[in-house]
Structures are given as structure tokens and as C-alpha cells.
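Participant: This is a predicted model, with the sequence first.
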2 protein chains.
Amino acid sequence: MLVTCGSQQALYLVGQAFLEDGDEVAIGGPTYVAAMSAFDAAADVEYIDVPIDGNGMDVDALEARLRDTDPAFVYTVPTFQNPSGTTMSRERRERLVDLADEHDFLIVEDQPYQELRYEGDHVDPVAAHGPERTIFLSSFSKVLAPGFRVGWLAAPEPLADRLAMLKEPIDLHTSTFSQHVAAEYLRSGEMDDQLSVINGVYDRKRTAMLDALADGMPAAVEWTRPEGGMFVWVTYPEGVDTKEMLVDASDNGVAYVPGFAFFPNEPRRNTLRLNYTLADDEEIKTAVERLAETTREWL
Amino acid sequence: MLVTCGSQQALYLVGQAFLEDGDEVAIGGPTYVAAMSAFDAAADVEYIDVPIDGNGMDVDALEARLRDTDPAFVYTVPTFQNPSGTTMSRERRERLVDLADEHDFLIVEDQPYQELRYEGDHVDPVAAHGPERTIFLSSFSKVLAPGFRVGWLAAPEPLADRLAMLKEPIDLHTSTFSQHVAAEYLRSGEMDDQLSVINGVYDRKRTAMLDALADGMPAAVEWTRPEGGMFVWVTYPEGVDTKEMLVDASDNGVAYVPGFAFFPNEPRRNTLRLNYTLADDEEIKTAVERLAETTREWL
């Protein structure tokens, strides 16, 4: 275990520890953007983009890519992925570990959303299947408070030691003050209540968004149906550029994150990310109606 | 201004921003060790070690070295330096800025101890003389609480912007929670009282250490007389290796930090650092008596 300054710092340390110029990293297409920033800060790396479908990272596609690539590690957000909202099935998690053993790569498993489940059953983390292959990251940011900057990683001891050594010149250690506050909070037993509260609220908002999408969106548009987390990923017909559409959407009073930025290589420009955790139910309904309006003009 | 995760992170960012393999950095001999760790994490650098005397960094010696070197920056802890306890005079600070203008280098001014003054007059920071040349660092660690991990840097805007960009992939930002706590504390007006209290306590402890050194140490041993901060720097006659002496000192129930580790290049092995802020007055007296005993055996 190593306590880090949010899991962003864990990503940065992983980059510093395992990447050199020319190395390859297998990563979701789409994936969490700031992970690439952390890796890019360490070295000039090549990304192997692995498609994401309704069951998370497509491990068959990864296996095919492994024939002609040799990644230093695979980076994955297996549960309620940012940005797609999808969750990797248990079978795929097991196969990912098998591939890691076979092809000798590490798995960097980023799990900030795992506790934010509103339906369906908990899926064991990848690290549960291959602890000796996996660096598991998580954080208080999504369950306690954003900006608290207390995260952690769990890794085989030699790897955790190496990452701890790299952390020292960066900031000596993570705030002991924040760590004491977090420890006190965990001891208080209030985390379970906190999770019940936010999961209840987020579930309601998610439903509001999914209902509004079903009510308003033209049939040619598809979207994911997340069982937890914060995001819905929307796919438009080929040819619609959501970055261009954003100008009209903004004029119509609604914003979203265009999908192109989430892709390491060839962006799928007909995608976008919606978040339902911040706005209230009425705002979500209004926003999706406006997006549907703009969409109809673009189809 | 950029708020950092302690001033250690500011040092790390400075290294990442301004150092490439083969660059030179002018630095005190002795100097703060973790600054070198931060710079070494960025690149293979050559250190130009500038002697420290009773008036801090010897700027004449620096000027002489500038004839055949070209440092990316000069790193200095000008006030109550770690490890020597000495303070750079106003005249030297002004000349350092003149040299920076003349030879076109940056000054990295690390000021964690400035507010811990027990006698003498405040000396304006180097940044007051050459703000456009200086990156000024400080921290709450020495005045509020160690481990709080809230520091800051002040630099000309284009440099501060560049350092902020580099911080983002490392940890996104410094804990907003800790920043709120620090801001609330500063607003409360209690910082002045806090400084009065700790400066009173540290002054008393410093006096206890200096008195005990004067009472017990053989005449051949010299030491600095800091006007503030946390450290006394002790110099033994040539030939005494304080790292070797530490074994006997430990057997005699006292520890210190051997001086060799504080030198970037050729270590002066006949030096050591004492700290007086942690132990209580009686412990300080006993410890210095023990050190004096061991010293007599080694002279």
C-alpha cells in the first residue's frame, strides 16, 4: 500500500516507474484523459487503443493487438469507466490476468467509482484475480470529497516500494493531516451511510437522465446504461462531429464533453460524454431535452 | 503564485521545468539534501558547490565559478540555512541578483525558516531585490505543522504558469481541503501568536544548545551561532570523520546528522548538523555533554 496525493499521483508514479521513450501502453478507446497526461509526462509512449463495448474493455481485441505489440502495462478503469460508464465483466477480468501472465505485462487498475453502484452485483476487481500482476488505485475523491487529494495504491511489495521511492523527491509524503482526517472518518463508521446517501441521490439522477434520453433522443442515437458511477456515453451516427455540434448545443443552453478527446489515437468524433451527478433532476431533464432538440437539427 | 504540495513539490517542479541532462546548478556546499533529490529526479545535473560561511553563500566564490560554468539556476536557502544555520547578508543578496542579471540565470530561493527569527533584524528576501529573476518558495511546514503539505511559490507569471502546467499531470492540484484550513487559520489572525510562541520556545532551546556547546566543547571545534531557524553546524578539525565518530556517539547515547551528506560534490567529512527544536532543554544539555565527551575522545 502507498498513500498518494489522489490517484492522479499514483498514475504519475506508475508512468515514472515503468515507462521509457518508445514504450507501448494498452489503454481503452475511449479512456480517462488525465491518465494519458500522467503517462505522457514520463515518456514519449505509443498507445494501443482497445475498444470499449457494453462489457468494458474488449479483451479479444486486446489479445489480437498483442500479436504485434508489447505493452509495458494495460491501463483500465474496469468499473463504471470514465468516460463510457461501462463495466468489464468478471470473465473479461479473468482473461485480462491470463493475458498479462502469458505476455508478461502489468495491469494498472484504476477504481475510483467501484463503490458507486446503483444496481447489479459487485464485480471483484482485476487485482482479486491477479494480485501479483496488478497495481490497484483508488481515491476518496468520488466517495468523500473531491479535492481531498488522498488516494492509494495496492501493489506487490517490490513495486509499491519502488513507487514510494519515486514519490519522495516529488513531495516527501501525502499530508499526514489529511490522512488523519480520513482515518478518523473511516473509524467513525460514517462512510457506509455516506455511500448510501450519495448512491441514492446519484441513482435517482441517473434514472432521470436515462428516462430523458429515452423520451427525447432520435432512434439513431445510442447510449450506455451505466449500473453506477457518473457517466453516460452517447454515440451518434457516423459523420456527426460532436465538437462542431457543441456550438449549437451551447447556443441552446446545454453543454457536454465531446468524445474525441478521450481517444488515444483515432478519435471517434461521433461520441460525447454526459455527467448526471452534479445537476439536479429538473436541470437534467431540461438539459437532455435541449440536447435532443439540437440533435434533431443535426441528424 | 502557485500553491504546492509542500515546498518539496515546488523544488521538484523547478527541476522538471528548467533542468536537462548535463545542466549545471549552483548550490550551497553544504545544502539542503532533498533539493538535490528533487533536481536529480529531473535530469543528470552537475552541481557547482558554492562555499557557505558565517554570512551564508559566498557570492565572491560563486562569481569566480561563473567564469567557467553556466548554471541553469542558483539554489539557495538564504535565511537560517539548512544545514548551516547561517543567513546571507543583504549585500550578498543584492550581488546575487546582479550576478543573475549579468550571467542570465534564475535564482531559486527556498525560505521555509524566514519567520523563525529569534534575534537580529529581518533581511529582505532575494526576491525583493530581483523579483523577475527569482522563484521564491515557502511552506507552512516549519511554522504551522510539519506534514501539512501546503507550500507555495511566487515567480514571474510566465514561469508560474509553466510550473502550474507541469503540476497538473502530477496531482491535478493541492488539496482544496488543506488550503481551506490554512486560509481559515490565516484569517483567524492566530499565526502571529503561533509564531511568538514557537519563536520563544525555539530561542530558549537554541540558547540551551549554544550554552552547552560553549561549556563542553574542546577549543578546536567550531560552530555557527544561528539567529533563527533550527540548526547549528559544527566543524571539527580536519581529519575527524563525523560519520565514523557517530558510532561512538551513538554508543554514548547521542545522535547527530554527519555533514558529508549535505555536500553536492566533495564532502567535508569533519562537519555535522545539530537540531535544537525537538528535544527539551534538559535533553539538549545532556546530549551536548555526551557529544562533547565523545569529541574529546576523538581529538
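Facilitator: Ah, there it is.

Participant: check contacts around the residue of the stretch 151-299 of chain A at minimum distance from chain B.
Facilitator: The nearest approach of the stretch 151-299 of chain A to chain B comes at A:Thr176, 3.5 Å away (CB to the nearest CB). Every C-beta, even on glycine, is put in place using the N, C-alpha and C of the backbone. Applying CB atoms under 8 Å, 6 or more residues apart in numbering or on different chains to A:Thr176 gives the contacts B:Pro146, B:Gly147, B:Phe148, B:Arg149.

Participant: Excluding sequence neighbours, find me the nearest residue to the first one.
Facilitator: What sits nearest to B:Pro146 in space, not counting adjacent residues and going by CB to CB, 6 or more residues apart in numbering or on different chains, is A:Thr176, at 7.9 Å.

Participant: Considering the contacts of A:Thr176, which possesses the most neighbours?
Facilitator: B:Arg149 (29 neighbours; other CB atoms under 10 Å in any protein chain shown).

Participant: Was I right to think that residue contacts B:Cys5?
Facilitator: Yes. Counting by CB atoms under 8 Å, B:Cys5 is a contact partner of B:Arg149 at 5.0 Å.

Participant: quick one: the helices in the stretch 1-150 of chain A?
Facilitator: In the stretch 1-150 of chain A, the segments counted as helices under DSSP state H, counting those that start in this stretch are A:6-18, A:33-40, A:59-65, A:90-103, A:126-129.

Participant: Give me whichever of the ones you listed is most buried.
Facilitator: Most buried of these by mean neighbour count (mean count of other CB atoms under 10 Å in any protein chain shown) is helix A:6-18; its value is a mean of 26.

Participant: near chain B, which residues of the stretch 151-299 of chain A show up?
Facilitator: Proximity of the stretch 151-299 of chain A to chain B, by CB under 8 Å from any CB of the partner chain, involves residues A:166, A:168-178, A:181.

Participant: would CSV of these with distance to A:Ala208, secondary structure and pLDDT be doable?
Facilitator: CSV is the format used below for these (distance: CB to CB, whole Å; DSSP: H, G, I helix; E, B strand; the rest coil; pLDDT from 0 to 100):
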residue, distance to A:Ala208, secondary structure, pLDDT
A:Leu166, 43, helix, 97
A:Glu168, 46, helix, 96
A:Pro169, 47, helix, 96
A:Ile170, 41, helix, 96
A:Asp171, 40, helix, 95
A:Leu172, 45, coil, 94
A:His173, 42, coil, 94
A:Thr174, 36, coil, 94
A:Ser175, 37, coil, 93
A:Thr176, 41, helix, 93
A:Phe177, 38, helix, 92
A:Ser178, 33, helix, 92
A:Val181, 33, helix, 93
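
Participant: Mind giving me the PyMOL command for buried ones among those residues?
Facilitator: Those of these that count as buried under 16 or more other CB atoms under 10 Å in any protein chain shown are selected in PyMOL with:
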select buried, chain A and resi 166+169+170+171+172+173+174+175+177+178+181
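
Participant: okay if I get the residues of the stretch 151-299 of chain A next to chain B as CSV plus distance to B:Ser89?
Facilitator: Output for these, formatted as CSV (distance: CB to CB, whole Å):
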residue, distance to B:Ser89
A:Leu166, 38
A:Glu168, 33
A:Pro169, 31
A:Ile170, 33
A:Asp171, 32
A:Leu172, 30
A:His173, 35
A:Thr174, 38
A:Ser175, 36
A:Thr176, 36
A:Phe177, 36
A:Ser178, 39
A:Val181, 43
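
Participant: Can you tell me which of the residues of the stretch 151-299 of chain A next to chain B lies closest to A:Ala42?
Facilitator: A:Leu166 (10.2 Å; CB to CB).

Participant: Would you confirm that that closest one contacts A:Gln16?
Facilitator: Yes. The criterion here is CB under 8 Å, and A:Leu166 meets it with A:Gln16 at 5.2 Å.

Participant: To what extent is A:Val240 buried, counted in neighbours?
Facilitator: A:Val240: 18 neighbours (other CB under 10 Å).

Participant: Need the three-state assignment for it.
Facilitator: coil (DSSP: H, G, I helix; E, B strand; the rest coil).

Participant: give the contact list for the closest residue to it other than its chain neighbours.
Facilitator: Excluding its sequence neighbours, the residue lying closest to A:Val240 (CB to CB, 6+ apart) is A:Asn270, at 4.8 Å. By CB under 8 Å, 6+ apart, the contact set of A:Asn270 is A:Thr235, A:Tyr236, A:Pro237, A:Glu238, A:Gly239, A:Val240, A:Asp241, A:Thr242, A:Gly259.

Participant: Drop anything exposed from the residues you listed.
Facilitator: Among the contacts of A:Asn270, those that count as buried by neighbour count (16+ other CB under 10 Å) are A:Thr235, A:Tyr236, A:Val240, A:Thr242, A:Gly259.

Participant: farthest-separated two in those residues?
Facilitator: Within the buried ones among the contacts of A:Asn270, A:Val240 and A:Gly259 form the most distant pair, 10.6 Å apart (CB to CB).

Participant: Give the residues shared as contacts by these two.
Facilitator: Each of A:Arg269, A:Asn270 lies in contact with both A:Val240 and A:Gly259 under the rule CB under 8 Å, 6+ apart.

Participant: Tell me the gap between the helix ranked longest in chain A and the middle of its chain.
Facilitator: When chain A is scanned for its longest helix (criterion: DSSP state H), the result is helix A:190-216. Chain-centre distance of helix A:190-216: 18 Å, with CA atoms, centre = their mean, to the nearest Å.
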